Every structure is written in C-alpha cells, then in structure tokens.
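Participant: Curious how this folds, go ahead:
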Amino acid sequence: MRPMSLPVGLPALADSDLVGQVARILTQAVVQGRLPPGSKVVEAGIARELGISRAPVREAARLLEKQGLLVARPRRGFFVRKLEIKNIDEIYDLRLCIERHASVLAARKLTTESRDALRRQIDVLHRTADLDDPARQVEEDYRFHRLIFEIADNRRLLRLFDDLAAELRMVIGLIGRLYDDPHEIARTHEPLLAAIEAGHPERITAHVDYHIGHAWREVGKLVRELAPPVSDAGVPPGLILDPANGVTV
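Facilitator: Residues are numbered from 1 along each chain as shown. Below you'll find the model as predicted:
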C-alpha cells in the first residue's frame with residue numbers, strides 16, 4: 001500500500017476557477033518553502049487536502065510548468081524547479097534589461113497619481129514587514145516592481161515581466177532570507193523611487209543596476225550555499241554600481 005503524503009497546510013477553495021486558485025496556492029506554497037525546490041507535487045495528496053479531484057491540480061501543475069516554477073518528469077510527475085545558478089543568472093539578466101528600460105519610461109510618464117501609487121506601495125511594504133508574513137511581503141515587493149511596468153505603459157514589456165512572475169516570486173522569497181530586519185527590504189526600494197521621481201535616465205539606470213544587481217549577487221551566494229553550484233557563471237564583476245559615486249564595487 002502506497003503511503004499517504006503529508007499535508008502542506010493548504011486552504012479551502014471556492015467553486016469557481018479551480019485551476020487558477022490551485023496554481024496560486026501552489027505558488028504560495030513554493031514561495032513559503034512548504035514545497036521546497038526539488039520536492040514532488042503529489043497530485044493525489046494535494047487534491048485530497050483541498051477537497052477536489054486530481055484534474056484541476058494536474059492542470060495547475062501544467063500551468064506552473066509553463067511559467068517555469070515546476071518541471072515535469074516522464075512517468076514521475078511534477079517537481080518544484082531547483083534554483084540553480086544558471087537559472088538565477090538568466091532570470092536576473094533578463095530582468096535587469098527590461099527593468100532599466102521600464103524605469104526610464106515610467107519616469108517620463110510619471111504623474112502625481114502614479115508617483116503616489118509607488119509611494120503607497122513602499123508604505124505597504126513597511127506595514128507588511130510588521131506582519132511576519134513572508135509570502136505577503138514577496139507579493140507586495142513584486143507588486144512594486146510591476147507598478148513600474150504598468151506606469152511605463154508598454155504592454156510588451158509588461159508581458160515579459162509577467163512571464164517571469166512565478167520565478168521572480170520564488171527568487172524574491174529567497175531575498176527575504178537575507179535580511180534580519182524585514183523593513184530593510186522596503187528601504188531598499190526608496191532610492192530607486194527617488195531616482196524615478198528625479199527623472200534622470202543615467203541615475204535611474206544606476207539605481208536599477210544597484211537594486212537588482214545587489215539582489216542578483218546575494219541570491220547567487222545563497223543558492224550556492226543551499227545547493228552545489230552547477231555553473232561558474234555569476235554576476236559580472238563590473239555590474240554592481242554604487243549610484244552615489246558611479247563606480248563599480
């Protein structure tokens with residue numbers, strides 16, 4: 001008799017959009033570490049815990065496979081993607097390219113309303129830091145950066161950012177482990193917003209490079225500590241810029 005899988009603490013579902021709900025719940029479980037990298041997504045166990053059939057769980061897993069969060073292995077099922085250095089480098093390399101451009105565009109199109117929306121989102125990040133809810137903080141961090149793309153008003157750029165959504169949430173979840181004070185995560189966004197408000201393209205690019213490049217380097221270190229490295233690739237040594245003086249560190 002096959003042993004039953006252990007519950008991972010999943011909530012009850014509404015009757016509509018089961019596949020979307022399951023996909024969001026599984027994403028949250030991955031971000032929170034309840035489904036760690038390399039672990040199997042046991043369809044029967046998850047369906048039983050959620051009180052649904054296996055079909056929407058399987059469809060949700062296929063959706064998350066397309067988004068890069070899960071990988072399918074023939075005759076073995078779906079597994080949470082392992083965070084390898086090569087994956088981290090590819091995610092951050094693409095993100096850096098599109099977020100530089102989106103931030104400059106956002107500065108050009110910034111209005112009082114959109115500026116206030118970004119400021120409010122940083123306030124939300126600070127409030128979330130007091131809740132001891134890492135998954136919520138991941139979501140609000142992601143929301144700040146998505147707002148920049150929304151303000152940039154380029155649908156194709158926004159689509160590229162959304163295509164990275166699942167993997168970015170997973171990486172942002174790792175960033176949360178780097179800070180003893182969760183408010184520090186909110187504070188790291190403040191210089192970037194100030195640069196966008198000032199509207200100088202070179203300054204904006206420098207702050208994007210610093211904000212994202214620093215995270216790239218630190219997450220890379222963390223992934224190397226969590227698992228054996230699979231690649232010698234890393235952040236190019238000249239990438240991290242100090243916006244205060246414009247020199248590499």
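
Participant: switch to C-alpha atoms for all contacts and neighbour counts from now on
Facilitator: Will do.

Participant: which outside residues touch the helix or strand encompassing Asp89?
Facilitator: Taking DSSP states H and E as the criterion, Asp89 maps to helix 85-109. With contact meaning C-alpha atoms under 8 Å, 6 or more residues apart in numbering, helix 85-109 is reached by 148-149, 151-154, 157, 160-161, 164, 167-168, 171, 196-199, 201, 204-205, 208-209, 212-213, 216, 219-220, 223-224, 229-231, 233-235.

Participant: Among those, name the buried ones.
Facilitator: Among those, those buried by neighbour count (16 or more other C-alpha atoms under 10 Å) are 148-149, 151-152, 157, 161, 164, 167-168, 171, 196-197, 199, 201, 204-205, 208-209, 212-213, 216, 219-220, 223-224, 229, 235.

Participant: which residues of this protein score low on pLDDT?
Facilitator: By pLDDT under 70, the weakly predicted segments of the chain are 1-16, 134-135, 166, 172-180, 226-249.

Participant: Using the record's domain definitions, break it down for me.
Facilitator: Annotated domains of the chain cover 18-82, 85-226 [automatic domain parsing].

Participant: Find the nearest non-adjacent residue to Asp141, please.
Facilitator: Leu125 (6.8 Å; C-alpha to C-alpha, 6 or more residues apart in numbering).

Participant: How many neighbouring residues does the one you found have?
Facilitator: When neighbours are counted by other C-alpha atoms under 10 Å, Leu125 registers 26.

Participant: residue contacts, it?
Facilitator: The contact partners of Leu125, taken as C-alpha under 8 Å, 6+ apart, are 137, 140-141, 183, 185-186.

Participant: contacting residues for Ala186?
Facilitator: Going by C-alpha under 8 Å, 6+ apart, Ala186 touches 122-123, 125-126, 129, 141.

Participant: May I see those residues arranged in a markdown table, with distance to Val30 as well?
Facilitator: Shown next, in a markdown table, are these (distance: C-alpha to C-alpha, whole Å):
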| residue | distance to Val30 |
| --- | --- |
| Ile122 | 24 |
| Asp123 | 26 |
| Leu125 | 21 |
| His126 | 23 |
| Ala129 | 20 |
| Asp141 | 16 |
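
Participant: Name all residues that make contact with His183.
Facilitator: The contact partners of His183, by C-alpha under 8 Å, 6+ apart, come to 125-126, 129-130.

Participant: now do Leu193
Facilitator: Counting by C-alpha under 8 Å, 6+ apart, Leu193 touches 118-119.

Participant: Whichever strand or helix holds it relative to helix 85-109, how many degrees between them?
Facilitator: Assigned by DSSP H and E, Leu193 belongs to helix 190-198. Relative orientation of helix 190-198 versus helix 85-109 (axes from the mean of the first three to the mean of the last three C-alpha atoms, to 10 degrees): 40 degrees.

Participant: how far out from the middle of the chain is helix 190-198?
Facilitator: Relative to its chain's centre, helix 190-198 lies at 21 Å (C-alpha atoms, centre = their mean, to the nearest Å).

Participant: and what of stretch 140-158?
Facilitator: Counting by C-alpha atoms, centre = their mean, stretch 140-158 is centred 13 Å from the centre of its parent chain.

Participant: Ok, stretch 122-135 next?
Facilitator: Distance of stretch 122-135 from the chain centroid (C-alpha atoms, centre = their mean) equals 15 Å.

Participant: And stretch 208-220, by the same measure?
Facilitator: Here stretch 208-220 is found 13 Å from its chain centre; the criterion is C-alpha atoms, centre = their mean.

Participant: With only the CA atoms kept, save it in CSV.
Facilitator: Included here for stretch 208-220 are C-alpha records, laid out as CSV according to Å, rounded to 0.1, in the frame of the first residue of the first chain:
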residue,chain,number,x,y,z
VAL,A,208,18.2,49.8,-11.1
ASP,A,209,21.6,48.2,-11.6
TYR,A,210,22.4,48.6,-7.9
HIS,A,211,19.0,47.4,-6.6
ILE,A,212,18.6,44.4,-8.9
GLY,A,213,22.3,43.7,-9.3
HIS,A,214,22.9,43.6,-5.5
ALA,A,215,20.0,41.1,-5.2
TRP,A,216,21.4,39.1,-8.0
ARG,A,217,24.7,38.8,-6.3
GLU,A,218,23.3,38.0,-2.9
VAL,A,219,20.8,35.5,-4.1
GLY,A,220,23.5,33.8,-6.1
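
Participant: Fine, thanks again, bye for now.
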